[in-house]
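S.K.: quick one, fold the following:
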Amino acid sequence: MPVIVDLDKRIEYSKQQQFTGILSIQSEGKMLWHLYFLAGQIVWANSKAHSQRSWRRQLLQHCPDLLQQYQNSKQPISYASLAKSVMRKNFSREKFSKLVTGYISEILFDILQQGTLNFRASRKLLAYKSNPREAANFPCIGLQDVQLWKQVKHSWQIWEQSNLIEIRPNQIPLITDSQKLREHTSPTVFRALTSLVDGKQTLRDLALRARQPLVPLTLSLLPHIQNNLIRMVDISTLNADIIVDSPKGANDPNVTTAVTKTSTAVTTSPKSALSTNSKSKSTTRRATIIYIDDSPADSKQMGQIIQSTGYAYVNIADPLQALPRLLEVKPQLIFLDLVMPVANGYEICAQIRRISAFKTTPVVIVTNNDGIADRVRAKVVGASGFMGKPIQKQKVLKVLKSFLKPEKSTPSQLHGRAKLSTSG
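M.R.: Predicted coordinates:
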């Protein structure tokens, strides 16, 4: 990760030196970005690419009323015009910080991605040039206390670990063959995809529209991209108009039902589960077990069984939230329901196996289907085993005994024992 390390050093040095001025960054592809520092803090960034789209996303998310004013006046959105509004006390400094932080975050992410792609191709790092300025003549507004760079690094690392380096968030997904897509997906998935992918909105736009994190949304499209059913195109290629739709809610039943359906199941966080476990008589079993399922009843039943054994338990009700949550929790065992909206258990399992951190983590599919075809497909996507429904304590304990051995067993040994065993 030389690019992120190099940029991290530059930003940290600017912080230590209380640098005020502009750090210009250039890639091999002649992309040019500018980071603006005020007393060592990043307060602004810009590039010529996609600025209006980015501003519209930030305003739509944090200040929709202000976005409407810009649209009515047909005035371009800019840092200068927003800063003037803050100075005139037309809207708060807190909202301004959220807008600018979101904008800067996208640019920093793009710098890391372009720099990484260039390094992989030419082994050359980004080029930097510092231009000090007098603080009195520097028109930037200090932001509220934010961990901007730390958050961007974390986001990029998740993107990288999810094997999405080649996919650019500013590209537009385009359905290439609607009929073939229908043939290769379930009716629910097809409706969700055609509701979202209109050929005019970027991945970032779609994530905001669907109220979903960028990584899981992109991973849900990845199999279709790899099968050439969806292709990623640059905005300039399509010359698409700037369209950033409002986040969909009750007004769009397709998106609400098929994409953003979430469960009201009670979720036990890793911290609360671990604190509960610390009171248990057993202090040797501290593995965290995740169950990905949108059923409140099944999730509750699974949680009661797992927690009674002393393990930590986390339920993920929304399949599109699964990968970021997995990367955060790093479980030792994953139960995965087969039938869920948007992406089924097979698709989620395939996505999990693409992440290096979970290559050997046991993944047990929970399902009513237990035919030969189901077993073959599960093996192809990397599942470790099956567990039949309904969820019963004896079945769950059998899985735990099979996959969670004493600490001397390595992850690879655990995975090696996984031969699509069946419980119930």
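S.K.: all strands of the stretch 301-424 of the chain, in order?
M.R.: 312-316, 333-337, 363-367, 385-388, 421-423 (DSSP state E, counting those that start in this stretch).
S.K.: a markdown table please, covering the ones you listed and showing mean neighbour count.
M.R.: Just so you know, the C-beta spots here come from the backbone N, C-alpha and C atoms, and that holds for glycine as well. Shown next, in a markdown table, are the strands of the stretch 301-424 of the chain (neighbours: other Cβ atoms under 10 Å):
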| stretch | mean neighbour count |
| --- | --- |
| strand 312-316 | 26 |
| strand 333-337 | 25 |
| strand 363-367 | 26 |
| strand 385-388 | 21 |
| strand 421-423 | 16 |
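S.K.: JSON lines for the ones you listed, including mean pLDDT and distance to P173?
M.R.: Converted to JSON lines, the strands of the stretch 301-424 of the chain look like this (pLDDT from 0 to 100; distance: least, Cβ to Cβ, whole Å):
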{"stretch": "strand 312-316", "mean pLDDT": "91", "distance to P173": "24"}
{"stretch": "strand 333-337", "mean pLDDT": "95", "distance to P173": "25"}
{"stretch": "strand 363-367", "mean pLDDT": "93", "distance to P173": "27"}
{"stretch": "strand 385-388", "mean pLDDT": "90", "distance to P173": "33"}
{"stretch": "strand 421-423", "mean pLDDT": "53", "distance to P173": "38"}
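S.K.: in this protein, which helix or strand is least confident?
M.R.: Lowest by mean pLDDT, DSSP states H and E among the helices and strands of the chain is helix 270-277, with a mean of 35.
S.K.: beyond that one, next helix or strand please.
M.R.: strand 288-292 (DSSP states H and E).
S.K.: so what strands line up beside that following strand?
M.R.: Paired neighbours of strand 288-292 in the sheet (DSSP bridges): strand 312-316 (parallel), strand 333-337 (parallel).
S.K.: go through those strands and name the closest to I348.
M.R.: strand 333-337 (6.0 Å; Cβ to Cβ).
S.K.: contacting residues around that closest one?
M.R.: Strand 333-337 is contacted from outside by 287, 289-295, 298, 302, 326, 345, 348-349, 352, 358, 361-367, 383, 387, 399-400, 403-404, using Cβ atoms under 8 Å, 6 or more residues apart in numbering.
S.K.: got it, and stretch 223-241?
M.R.: With Cβ under 8 Å, 6+ apart as the criterion, stretch 223-241 contacts 50, 53, 167-168, 170-177, 180-181, 184-185, 193, 197, 199-200, 202, 221, 347, 350.
S.K.: tell me the mean pLDDT over it?
M.R.: When pLDDT is averaged over stretch 223-241, the result is 81.
S.K.: ditto for stretch 142-159
M.R.: For stretch 142-159, mean pLDDT is 84.
S.K.: now swap in stretch 344-351 and tell me
M.R.: pLDDT averaged over stretch 344-351 gives 85.
S.K.: where does the stretch 51-200 of the chain dip in pLDDT?
M.R.: Filtered on pLDDT under 70, the stretch 51-200 of the chain yields the residue ranges 144-146.
S.K.: all helices for it, in order.
M.R.: With DSSP state H, counting those that start in this stretch, the ranges of helices along the stretch 51-200 of the chain come out as 51-62, 64-73, 79-87, 93-122, 148-161, 178-184, 187-196.
S.K.: including mean neighbour count, could those helices go into CSV?
M.R.: Converted to CSV, the helices of the stretch 51-200 of the chain look like this (neighbours: other Cβ under 10 Å):
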stretch, mean neighbour count
helix 51-62, 20
helix 64-73, 13
helix 79-87, 15
helix 93-122, 19
helix 148-161, 18
helix 178-184, 13
helix 187-196, 19
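S.K.: for L338, which of these is the nearest?
M.R.: That would be helix 187-196 among these, by Cβ to Cβ, at 13.4 Å.
S.K.: and after the closest one, which helix or strand comes next?
M.R.: Next element after helix 187-196 (DSSP H and E): helix 203-210.
S.K.: the inter-axis angle of that following helix versus helix 51-62?
M.R.: Helix 203-210 and helix 51-62 are oriented at 20 degrees to each other (axes from the mean of the first three to the mean of the last three Cα atoms, to 10 degrees).
S.K.: so which elements touch helix 203-210?
M.R.: In terms of contacts (3 or more Cβ pairs under 8 Å, 6 or more residues apart in numbering; DSSP states H and E), helix 203-210 is packed against helix 51-62, strand 172-175, helix 187-196, helix 214-226.
S.K.: and it, C-alpha only, in CSV?
M.R.: Output of helix 203-210 as CSV, limited to C-alpha atoms (Å, rounded to 0.1, in the frame of the first residue of the first chain):
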residue,chain,number,x,y,z
LEU,A,203,-22.3,4.4,-8.2
ARG,A,204,-22.1,7.2,-5.6
ASP,A,205,-25.4,8.6,-6.8
LEU,A,206,-27.0,5.2,-6.7
ALA,A,207,-25.8,4.6,-3.1
LEU,A,208,-27.3,7.8,-2.0
ARG,A,209,-30.5,7.1,-3.9
ALA,A,210,-30.9,3.6,-2.4
